[in-house]
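Peer 1: the following comprises the amino acid sequence and a computationally predicted model.
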Amino acid sequence: MSATMPISAQLINLFASVILLLAFAMLAQRRVLTLINLFALQGLALCLATLVAAVSTGQTHLYYSAGLTLVLKVLLLPWILHRLVRKLNVKSEVEALINIPATMLVGIVLVMVAFNVALPISELSQTITRGTLGIALAVVLLAFLMMITRQKAITQVVGFLSMENGLFLAATSATYGMPMVVELGIALDVLVGVIILGVFFFQIRDQFDSLDIRHMENLKDN
Amino acid sequence: MMPALLSIDVLLIAVCAWLAIGLAGLAAPRNLRFISKTLFPLGALVGALVGLSALLFLGGAAEVAVLAIGLPNLPFHLRLDNLTAVFALLVGFVSAGISVFAAGYFRKGEGTAPGLMCLQYHFFLASMLLVLMADDAYAFMVAWEGMALASFFLVTTDHKHAEIRRAGYLYLLIAHIGAISILLSFGVMTSGSGDYSFAGMRAQQLSPFWASAAYLLALVGFGAKAGLLPLHVWLPEAHPAAPSPVSAMMSGVMLKTAIYGLLRVSFDLVGDPLWWWGVVAMAVGLLTAVFGVLYSTVQSDMKRLLAYSSIENIGLLAVGLGLTLIFHAYRMEGLAALAMTAVLYHCLAHAGFKSLLFLCTGSVLHATKERSLGKLGGLIHRMPWVAWLALAGVIASAGLPPLSGFVSEWLLLQSFLFSPGLPHPWLNMVVPVAAAVVALVAALAGFAMVKFYGIVFLGQMREPALKEAHDAGPWERAGLVWLALITLLLGIFPATVISYIDAATRQLLGTGLADKVREHGWWMLAPISPERASYEPLIFLATIVVAVLFGRQLVHRLYHGRIRRTPAWDCGYVFQGPRAQDTAEGFSQPIRRIFEPMFRMERHFPTARDSQPYYSVKVEDHLWHWLYLPLARLMNAISVLMTRLQGGRIAIYLLYSFLTLIVLLLVARP
């Protein structure tokens, strides 16, 4: 990054780094409620990054995007998840398949991969946010890693939502966001997805008396 | 001036009429009376109309039509030429008989609702006619698949039985293998021009390699539908599973559409044939014929027996087709015309007599609730109509004069007699051997038919329940009489029939038999010259009738009145009841012995010490164990390997996507 970078670009980079940091924090977090709070924080950082991009470029639809992010990912979804956790009496401990330090190491490797992969793409892009593309990709991969290594269904949903954050960031950084219609569609999908998954949680718990997805292995026919 | 109604328009109206009748059946799905006494006879009427207009068309110039249905810019091309007309004749007249029979056949509460059945049945008919009229690959495949689907649902009418579902599944599976092969064949014939109309395919000049590929793919594809080895396995399962009118329709009519397709591809679309194509068809046909007839002799279920007999007849048709191809490839068009006439004639003959026989089994099944030969017998006393009409079918099927089967098999053997003129030393020697095999098949077919007729209709009743059997109703009788009449006419007036179907031969080969045949008048059939061979069916018929009447009179005069019934020594038999008659298994025992390596048998013999001795024999198909089960096991093994990938853990599934994503990100560089 050159020193002559405009302040807005520096701010965006700052928020993007915060998002990445929070992704790592989520990967390391052992408590479910804190995990949800971290997710909300990540959403807030994303919202701020989008807002800065909107101010500096004057793209009006980015304001809407930022607003949408704020309402959906900072307020509504964390609230739904909190309620779910309370209602389902989830054990507050997150159970991981691989221990957490090892996961962190894999995460670092993934970040390096993501940065390397994103480099040629961000050179093609003309946006002031292009530097954050690597970070966005890294967030996607880290979220994916979280989905793989966690056993509780609820943490997988958080991983899924975090991945969506990464995609959103990628879209903003590469092309100043997707068209408004697409963005609205995705927002709705995420919302509906979480609600459906919430229903599923109740079903899974009724069926197995637990939210541990290892029980679902028994569903396949042998 | 109003343009006159073309024959192709009549046929298209018939297709629409059949579809409309089917939909009308759906409107009142439970009203059996309306459906069977109004709609099925209407369908029969449409069938007769189709047959009639095809008959009137024969010899005319080809007519085309383009229907703007289907996909945009991809309309249905339809064409009516003489080859189509011969097969439309077959579909129309035979289906008319079957529909009339069906009007009296279906009862309440048997499987599918009658209205749905009516829809499937008439959709089946309409799609068969469309298959014949299709003039581009798209229309052909749509109609072909419609035919396969309609017949699948008809086969699984009694879908509550697991074995019927299994038979239907097997049928559908093999039908799809065939359809894929046909589609590939069409693809090869377009040779990348993108023009899927048949006219475009005719215009292509294929290299010998690609032409052979197209021909072989078509042989596999149509062979699967026709029941050529080794794709015949669905046939003996599906025919007994289906209701009898459906079996009759499938065996009599649907199998012929596959023969139509083979003729269309090998003589019309693919260009000049190579001589070895004929050898391939002949070899497959001979194997199929021998296989079919041997298995038909050892069956104990009357519909399975007939199904195997259909396989045999399809084999004979393939042999005739092969012979035609060989003659055609060596430009011996006169002989090719003879062989092709035999093929077309046998198509018509088989359609008539095999539908007749299947319908007879339907009547027997309704009257006795029994398909197993071991529990039938003596039905001629209770069901004289069915028995006497079945006799016509049996005689034709056995290839005896004066009925239809004899004419076609005689023509086929006649064309074999000229094969020594072939300009190829190997063929010269091998083809006469094939003629000998055909003769063997014809003889064994006679054996199978004697078994069928003798065990079902003659002798004493094997079960007391058979005394309750009733003869067929008026509708069923009318259908049977119609088909028996077709069989009789085809047998008595071969010269007239040949002068009609000759138009198709001339269209495909450029020359026909009609002129030679007409020379000698309608009463005599001499395809090459009367000095070599001729057949006068009426003289034959008269001789047979006179001999029978005379013999009857003689016996009556000389023997009657001298009979003495005495409880004699009885040869040691305590009683001579129905159980003392030859059984189905016993009758075919010599065949099982002589051709033992051809069968896979499980036998159980009683020993001297058994307190409850029993004898059982179960004959199975070798190919099932040598080809199909190993294939099924292979597929199963592959599936088991695949299930290892499917661990059932969400983490594993996610990992697959994750790894794929990473690898793609790393590999796919701009």
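Peer 2: Arrived safely, thanks for sending.
Peer 1: stretch B:651-670 - what's its average pLDDT?
Peer 2: On average, the pLDDT along stretch B:651-670 is 82.
Peer 1: so is that stretch next to chain A?
Peer 2: Yes: counting by C-beta under 8 Å from any C-beta of the partner chain, chain A is contacted by stretch B:651-670 at B:651, B:654-655, B:657-658, B:661-662, B:665-666, B:669-670. For the C-beta atoms, the positions are set from N, CA and C on the backbone; glycine is no exception.
Peer 1: just the buried residues from these, in ChimeraX please.
Peer 2: In ChimeraX syntax, the buried subset of the residues of stretch B:651-670 next to chain A is picked out as below (16 or more other C-beta atoms under 10 Å in any protein chain shown):
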select /B:651,654,655,658,662,665
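Peer 1: okay, and which of the residues of stretch B:651-670 next to chain A map to helices?
Peer 2: B:651, B:654-655, B:657-658, B:661-662, B:665-666 (DSSP state H).
Peer 1: identify the residues contacting B:Leu634.
Peer 2: The neighbourhood of B:Leu634, defined by C-beta atoms under 8 Å, 6 or more residues apart in numbering or on different chains, contains no residues.
Peer 1: report the mean per-residue pLDDT for the host helix or strand of it.
Peer 2: Assessed by DSSP states H and E, B:Leu634 sits inside helix B:629-645. In this model, helix B:629-645 has an average pLDDT of 86.
Peer 1: tell me the angle of that helix relative to helix B:650-667?
Peer 2: 90 degrees (axes from the mean of the first three to the mean of the last three C-alpha atoms, to 10 degrees).
Peer 1: alpha carbons only: can I get helix B:629-645 in CSV?
Peer 2: Presented in CSV, the C-alpha positions along helix B:629-645 are these (Å, rounded to 0.1, in the frame of the first residue of the first chain):
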residue,chain,number,x,y,z
LEU,B,629,-26.2,-60.4,-13.4
PRO,B,630,-22.5,-59.8,-13.8
LEU,B,631,-23.3,-56.3,-15.1
ALA,B,632,-25.6,-55.7,-12.3
ARG,B,633,-23.0,-56.9,-9.8
LEU,B,634,-20.4,-54.6,-11.4
MET,B,635,-22.8,-51.6,-11.1
ASN,B,636,-23.4,-52.6,-7.5
ALA,B,637,-19.7,-52.7,-6.7
ILE,B,638,-19.2,-49.3,-8.3
SER,B,639,-22.1,-47.9,-6.3
VAL,B,640,-20.6,-49.3,-3.0
LEU,B,641,-17.4,-47.5,-3.9
MET,B,642,-19.3,-44.4,-4.4
THR,B,643,-21.1,-44.7,-1.1
ARG,B,644,-17.7,-44.5,0.6
LEU,B,645,-17.5,-41.0,-0.7
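Peer 1: for the stretch 251-400 of chain B, which residue gets nearest to chain A?
Peer 2: B:Arg304 (34.6 Å; C-beta to the nearest C-beta).
Peer 1: excluding its backbone neighbours, what's nearest the residue nearest the centre of chain A?
Peer 2: For chain A, the residue nearest the mean C-alpha position is A:Ser162 (1.5 Å; C-alpha atoms, centre = their mean). Using C-beta to C-beta, 6 or more residues apart in numbering or on different chains and skipping residues adjacent in sequence, the residue nearest A:Ser162 is A:Ala143, 3.9 Å away.
Peer 1: domain map for chain B?
Peer 2: The record assigns chain B these domain ranges, following automatic domain parsing: B:273-556, B:626-667.
Peer 1: between the ones you listed, which one is closest to B:Ile177.
Peer 2: domain B:626-667 (11.2 Å; C-beta to C-beta).
Peer 1: show me how far the closest one is from its chain's centre.
Peer 2: 42 Å (C-alpha atoms, centre = their mean, to the nearest Å).
Peer 1: and for stretch B:171-179?
Peer 2: Mean-position distance between stretch B:171-179 and its chain equals 16 Å (C-alpha atoms, centre = their mean).
Peer 1: still on that earlier bit, the residue of the stretch 251-400 of chain B closest to chain A: neighbour count?
Peer 2: For B:Arg304, the neighbour count with other C-beta atoms under 10 Å in any protein chain shown is 21.
Peer 1: surely it is in contact with B:Pro236?
Peer 2: Yes: between B:Arg304 and B:Pro236 there is a contact under C-beta atoms under 8 Å: 5.1 Å.
Peer 1: ok, and for the longest helix along chain A, which residues are buried?
Peer 2: Secondary structure of chain A read by DSSP H shows that its longest helix is helix A:180-208. Buried positions in helix A:180-208, judged by neighbour count with 16+ other C-beta under 10 Å: A:183, A:186-187, A:190, A:194, A:197-198, A:201, A:204-205.
Peer 1: other SSEs contacting the one helix or strand B:Val555 maps to?
Peer 2: Taking DSSP H and E as the definition, one finds B:Val555 inside helix B:537-559. Under the contact criterion of 3 or more C-beta pairs under 8 Å, 6 or more residues apart in numbering or on different chains; DSSP states H and E, helix B:537-559 touches helix B:474-492.
Peer 1: show me where pLDDT drops low in the chain?
Peer 2: Went with chain A since none was named. Per-residue confidence for chain A (pLDDT under 70) gives these ranges: A:1-5, A:90-96, A:125-131, A:177-178, A:181, A:208, A:210-222.
Peer 1: the chain in question should be chain B.
Peer 2: Judged against pLDDT under 70, the low-scoring parts of chain B cover residues B:1-4, B:70, B:108-111, B:419-420, B:529-531, B:561-576, B:647-648, B:669-670.
Peer 1: okay, now residue 101: neighbour count?
Peer 2: The chain I'm using is chain A. Neighbours of A:Pro101 using other C-beta under 10 Å come to 9.
Peer 1: can you look at chain B instead?
Peer 2: Using other C-beta under 10 Å, B:Phe101 has 32 other residues around it.
Peer 1: so what's it closest to, chain neighbours aside?
Peer 2: For B:Phe101, ignoring the flanking residues on the chain, the nearest one in space by C-beta to C-beta, 6+ apart is B:Gly479 at 2.8 Å.
Peer 1: pretty sure that neighbour contacts B:Ser95?
Peer 2: No: with contact defined as C-beta under 8 Å, B:Gly479 does not count as touching B:Ser95 (10.5 Å).
Peer 1: related to what we said a few turns ago, alpha carbons only: can I get the helix or strand where the residue nearest to A:Ser162 lies in PDB?
Peer 2: For A:Ala143, the element it lies in under DSSP H and E is helix A:133-149. Taking Å, rounded to 0.1, in the frame of the first residue of the first chain, the C-alpha atoms of helix A:133-149 are listed here in PDB:
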ATOM      1  CA  LEU A 133     -10.400  -8.600  -2.400                       C
ATOM      2  CA  GLY A 134      -7.800 -10.900  -0.900                       C
ATOM      3  CA  ILE A 135      -9.200 -10.300   2.500                       C
ATOM      4  CA  ALA A 136     -12.700 -11.000   1.300                       C
ATOM      5  CA  LEU A 137     -11.700 -14.300  -0.200                       C
ATOM      6  CA  ALA A 138      -9.800 -15.100   3.000                       C
ATOM      7  CA  VAL A 139     -12.900 -14.500   5.000                       C
ATOM      8  CA  VAL A 140     -14.900 -16.800   2.800                       C
ATOM      9  CA  LEU A 141     -12.400 -19.600   3.200                       C
ATOM     10  CA  LEU A 142     -12.100 -19.100   6.900                       C
ATOM     11  CA  ALA A 143     -15.800 -19.200   7.300                       C
ATOM     12  CA  PHE A 144     -15.900 -22.400   5.200                       C
ATOM     13  CA  LEU A 145     -13.200 -23.900   7.500                       C
ATOM     14  CA  MET A 146     -15.300 -23.000  10.500                       C
ATOM     15  CA  MET A 147     -18.300 -24.800   9.000                       C
ATOM     16  CA  ILE A 148     -16.200 -27.900   8.400                       C
ATOM     17  CA  THR A 149     -14.600 -28.100  11.800                       C
END
